[in-house]
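Novice: What shape does this take:
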Amino acid sequence: MRVWFAAAAFALSAAVSCTSTPTPNDPALDARLDRLEAEIGLAEDMAAIKKLQRAYGYYLDKGLWADLAELFADDAQANYPAGVFIGKASIREHLFRNFGPGEIGLGDNRLYNHTVMQPVVHIAPGGQTAQGRWRAFVMMGRYGSSASWAEGIYEIGYVKDAGVWKIAKLDYHSGLGASYDTGWSKARETPASATPAAPRVRNLAHPADQPRSTDCGGFPKVCIAPFHYANPVSGGGGHAWRAPALPIEAPVISSSIPARDRAADLAHRAELLDDAQLIETLISIYGYYIDRAQWDQAAELFTDKGTLEMGLGGVYAGKDRIRSFLALPGSSRDGWLNDHIQYQTIVDVAPDGRSARARSRELAMTGEFGGKGQWSEGVYENTFVRAGGVWKIASLKFYPTFITDYDEGWGKSALPPPGPSAALPPDRPPTETYEIYPKAHVPPLHFANPVTGKPTQYPKDMSAPVLPREAAYHPPHPSAEKLDALLTEAERDVTRVKDRHEIENLENAYGYYLDKSLWNELADLFAPSGSMELAQRGVYVGRERVRGFLPTVFGQEGPKDGRLGNHLQWQPVIHVADDGRTAKIRIRLVQQMGQYGERASWGGGIYENTAVKEDGIWKFQSVHMFNTFTADYAGGWAKNPGRRVPGPSTASPPDKPPTVTFEMFPKVYDIPYHYRNPVTGR
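Specialist: You can find the predicted model right below:
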C-alpha cells in the first residue's frame, strides 16, 4: 500500500495517567495498540511538519528572522537565489544581514506577503525524516517605489531531532517573477525573489557559503522543480525529475503501560488530531459562505455568544448581531466579485479537547464590474469551542495587512482599514488600535515557535503576547467493557485523519501536474472509471478518455517556454464517507495564465470532486470544475472579465453533455455544495 507515511515508533505522551497497577496485557491487544500508536504518532508528525512550514511563512511575512532561523536544524542547508547557506548560524546571518537588515521586522513601507501553500508531504520509513513540496505565492514591494509578484516551488527535507521536526534542507526553485505594473506578459525589470534572499548582487553583507547550484531561472523559461515523490496513484513516471516511491516498514513499539491507560491516551490523541482537521475545515467553509453572501450560513458557524471583530470596525457580540454585520454589503448579485480565500491554517486544540485557537490568512479579490477592483489580505486569530460534539467559532478577529486598488497595486495604493460602521455601530470599540500597510504591524501569534517552544521574538517596539498555560489533561481510562469500542473509534479517527492528508496530497499533486501540462501523470491520478468535466466542455468518462482529452484540447504534453499555466490549489474541504471508501472534496482554483510577450490573465473557480479508495490508494472518481471568472491582467475582473465559457470540444467530443450550464463573471451563479452546514446540518 502506498501511503503518505511509513510506520515508525512514537513515544507515549507524558500526559498519560498511570494510576493503575501494571498487569500483563493480552498479546493481541498489545499488537492492536502498537499499530494504533504508530499511526497516531505519524499523523501527529504530519501535523507538526505542516505547522512548521506554515509558521515559516508567517515569520517570513513579517521579518521575524530570529524565529525563522530557529526552524532549521543546526547543520541545515538552504539553497536560496542568493546562494547556498550551510548551517543554522549561516542561515541566520543571511536573514539578519542580507535580508533584514540587522533588525527583527520588515519596517514601514515594505510588503513581503509570503504564502506557503499546496503541500504534498511524505514521511520516510523510520519516521525520522520527511520531504515536502510547497508552493510559494508572494506579493512584495515598497510603498511609493515598487510592487511585484513572485511564485515558485519549495522542495524541503525535514528531520526529527530529539522528537522535534526541523528543516534539514531547503531548495527553492524560481517559477515566476513579474512587476505588478506589467504582469507576467512582459519582461521583468529586476529578477524578483520569492524567498528570503537579498537582491541579486555580488557583494552581500553575509556571502553565501556556496554558489547557487539548482535553479532554472523561472518564467519565461520552462522550470520543472524536481518532484521528491512518484505519482501518488500509479507510482510511475519515467521523467528524470522523479524520485522512487518510498518503501514501507512495519511498526516496532514496546510499552509496559497498562492497556486501558494506554488506550485512553491514544484515543484522546486521535480525537485531538481529528478535531484540528475539523476546525481547519470549518474555517474553509466560512470563507466559501462569505464568497456568496450566505450570511445566515456563516453566522450559524458561531456560538450564540460569539464575537466578530474585523480590523478596526469594533466588536459585534452575539450571533444575531454578527449576522447583521455580515449582511451590510447586501446579497450576492451579478457584477460583484467577492472571493475570500482561506489558507495557511495553524490549529492548536487545548489538551482537554474543548477549545482551540487558530491562525489563518485570507486573500480577498473583490470589486464591482465596471467599477473598482481591490486586493486585500490579512490574518485571523480565532478561538473555537466544542459544544454538543460540534465545533463552533467563539471569537473571530481579523487583522488586515493591506488593502489596495487593483489598477494601482500596493506600490502606489495603500488604503486604510474601515472604521466602525455608521449604519450598524458595533457593540464594543476595537480591542486594539494599529495601522496597516504601509505601516509595519505584526498581529500577535497565538502559538509558540514550533521548534523552541518559546514565544515569538517580536520587533523591539512590540511586546510579545503572554501565552496562557494550558493545564495537562488526563483522559479517564475506559472500563473493560468499553475498551473495544473506544479503540474502534480511535482507529476510525486516525484513519480519517490519514485519509484527509492523502486526499490533500492527491489534489495538490493534480495542481502541480496541471501547471506543467503533464497530462499522463494527471490522468494516472484517476480511477479506471473516473471522469473529468472542465469549463463546461462536457463529461469524459474513463481514465483513458481523460488521457486523450487533455492534450487534444489543451496542447502537447509538457511545458513550453513562454507559456504560463499556474493552477494554484487552495482551501480544501474534504469529507470521507463513513465506510472510508469514498470522499467528496471542494477546493478552490486560482489561475495565473499567459503567453510571454502577448497576454496575461487571471482565472478562478471551484472544484467539486469525488475520490475513491482502491487497493488502499485514493484516486479521483470525478473531477468537476465550476469556472467563476477569467480576466485580463490589465484592468482585472472589474474592467476586463472574460465571459465566454469554452463549451464542448469539436476536436474531442465528450461522452456526455455538460451536467451544469453557467455563465462566468460578471454573472454570479450558485455552485452546489457537497456538504451541509457543519453546525446546523442545513
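
Novice: excluding its backbone neighbours, what's nearest residue 462?
Specialist: Using CB to CB, 6 or more residues apart in numbering and skipping residues adjacent in sequence, the residue nearest residue 462 is residue 442, 5.8 Å away. The C-beta positions use only the backbone N, C-alpha and C, and glycine is treated the same way.

Novice: I'd like to know how many residues surround the one you found.
Specialist: 23 (other CB atoms under 10 Å).

Novice: can you check residue 40 too?
Specialist: 26.

Novice: show me the contacts for it.
Specialist: Contacts for residue 40 (CB atoms under 8 Å, 6 or more residues apart in numbering) come out as 10, 266, 269-270, 273, 490, 494.

Novice: Would it be right to say that it lies in a helix?
Specialist: Yes - assessed by DSSP: H, G, I helix; E, B strand; the rest coil, residue 40 belongs to a helix.

Novice: Could you find the closest non-adjacent residue to residue 538?
Specialist: Per CB to CB, 6+ apart, closest to residue 538 is residue 654, 2.6 Å.

Novice: Now do the helices in this structure.
Specialist: Using DSSP state H, the helices found in the chain span residues 27-62, 65-70, 88-93, 259-291, 295-299, 319-326, 483-515, 519-523, 543-554, 636-639.

Novice: The residue nearest to residue 462 touches residue 459, doesn't it?
Specialist: Yes - with contact defined as CB atoms under 8 Å, residue 442 reaches residue 459; the gap is 6.6 Å.

Novice: Now the common contact residues for these two.
Specialist: With CB under 8 Å, 6+ apart as the test, residue 442 and residue 459 both reach residue 105.

Novice: Make a markdown table from the helices of the chain and add distance to residue 309 and mean pLDDT to it.
Specialist: Below are the helices of the chain laid out as a markdown table (distance: least, CB to CB, whole Å; pLDDT from 0 to 100):
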| stretch | distance to residue 309 | mean pLDDT |
| --- | --- | --- |
| helix 27-62 | 20 | 96 |
| helix 65-70 | 25 | 95 |
| helix 88-93 | 35 | 95 |
| helix 259-291 | 15 | 97 |
| helix 295-299 | 15 | 98 |
| helix 319-326 | 10 | 98 |
| helix 483-515 | 30 | 97 |
| helix 519-523 | 43 | 97 |
| helix 543-554 | 45 | 95 |
| helix 636-639 | 28 | 97 |
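
Novice: Out of those helices, flag the one nearest residue 136.
Specialist: Closest approach to residue 136 among those (CB to CB): helix 27-62, 8.1 Å.

Novice: where's the residue nearest to residue 538 relative to residue 551, distance?
Specialist: Separation of residue 654 from residue 551 (CB to CB, to the nearest Å): 15 Å.

Novice: related to what we said a few turns ago, would you turn the helices of the chain into JSON lines with distance to residue 80?
Specialist: Shown next, in JSON lines, are the helices of the chain (distance: least, CB to CB, whole Å):
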{"stretch": "helix 27-62", "distance to residue 80": "12"}
{"stretch": "helix 65-70", "distance to residue 80": "12"}
{"stretch": "helix 88-93", "distance to residue 80": "9"}
{"stretch": "helix 259-291", "distance to residue 80": "29"}
{"stretch": "helix 295-299", "distance to residue 80": "40"}
{"stretch": "helix 319-326", "distance to residue 80": "42"}
{"stretch": "helix 483-515", "distance to residue 80": "21"}
{"stretch": "helix 519-523", "distance to residue 80": "28"}
{"stretch": "helix 543-554", "distance to residue 80": "33"}
{"stretch": "helix 636-639", "distance to residue 80": "31"}
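
Novice: which regions of this protein lie under the pLDDT threshold?
Specialist: 1-25, 101-103, 187-202, 214-216, 236-255, 461, 463-469 (pLDDT under 70).

Novice: Next up, the contacts around residue 413.
Specialist: 404-405.

Novice: Tell me the spacing between it and residue 105.
Specialist: In terms of CB to CB, residue 413 sits 23 Å off from residue 105.

Novice: go on, residue 359?
Specialist: In terms of CB to CB, residue 359 sits 18 Å off from residue 105.

Novice: Between those two, which is the more surrounded one?
Specialist: Each of residue 359 and residue 105 has its neighbours counted (other CB under 10 Å); residue 359 has more, 23 against 20.

Novice: Now for the spatially closest residue to the more buried one that is not a sequence neighbour: which residues touch it?
Specialist: The shortest distance from residue 359 to any non-neighbouring residue, by CB to CB, 6+ apart, is to residue 346 (4.8 Å). Residue 346 makes contact with 51, 54-55, 58, 358-360, 447, according to CB under 8 Å, 6+ apart.

Novice: Please look at residue 632 and residue 640 and confirm they touch.
Specialist: Yes - using CB under 8 Å, residue 632 is in contact with residue 640, at 3.8 Å.

Novice: Of those two, which one has the most company?
Specialist: Legend: neighbour count by other CB under 10 Å for residue 632 and residue 640, higher for residue 632 (18 against 15).

Novice: Show me what that one is bridged to.
Specialist: For residue 632, the beta-bridge partners are residue 601 (DSSP bridges).

Novice: Ok, the one 10 residues further on next?
Specialist: In this structure, residue 642 has the following beta-bridge partners (DSSP bridges): residue 630.

Novice: do you know how far it is from residue 628?
Specialist: 12 Å.

Novice: starting at the chain centroid, how far to stretch 221-239?
Specialist: Its chain's C-alpha centre and that of stretch 221-239 lie 21 Å apart, by CA atoms, centre = their mean, to the nearest Å.

Novice: buried residues in it?
Specialist: 223-225, 227-234, 237 (16 or more other CB atoms under 10 Å).

Novice: picking up where we left off before, intersection of neighbour lists for residue 642 and residue 628?
Specialist: With CB under 8 Å, 6+ apart as the test, residue 642 and residue 628 both reach residue 664.

Novice: what about the two, which has more around it?
Specialist: residue 628 (22 against 16).

Novice: Tell me who's in contact with the spatially closest residue to residue 116 that is not a sequence neighbour.
Specialist: For residue 116, ignoring the flanking residues on the chain, the nearest one in space by CB to CB, 6+ apart is residue 57 at 3.9 Å. For residue 57, the contacting residues are 114-116, 344, by CB under 8 Å, 6+ apart.

Novice: With respect to residue 600, which of these is nearest?
Specialist: residue 115 (19.5 Å).

Novice: so what's the nearest residue to the closest one once chain neighbours are set aside bridging to?
Specialist: Distances taken as CB to CB, 6+ apart put residue 137 closest to residue 115, at 4.3 Å, once the chain neighbours are dropped. Beta-bridge pairing for residue 137 (DSSP bridges): residue 115, residue 151.
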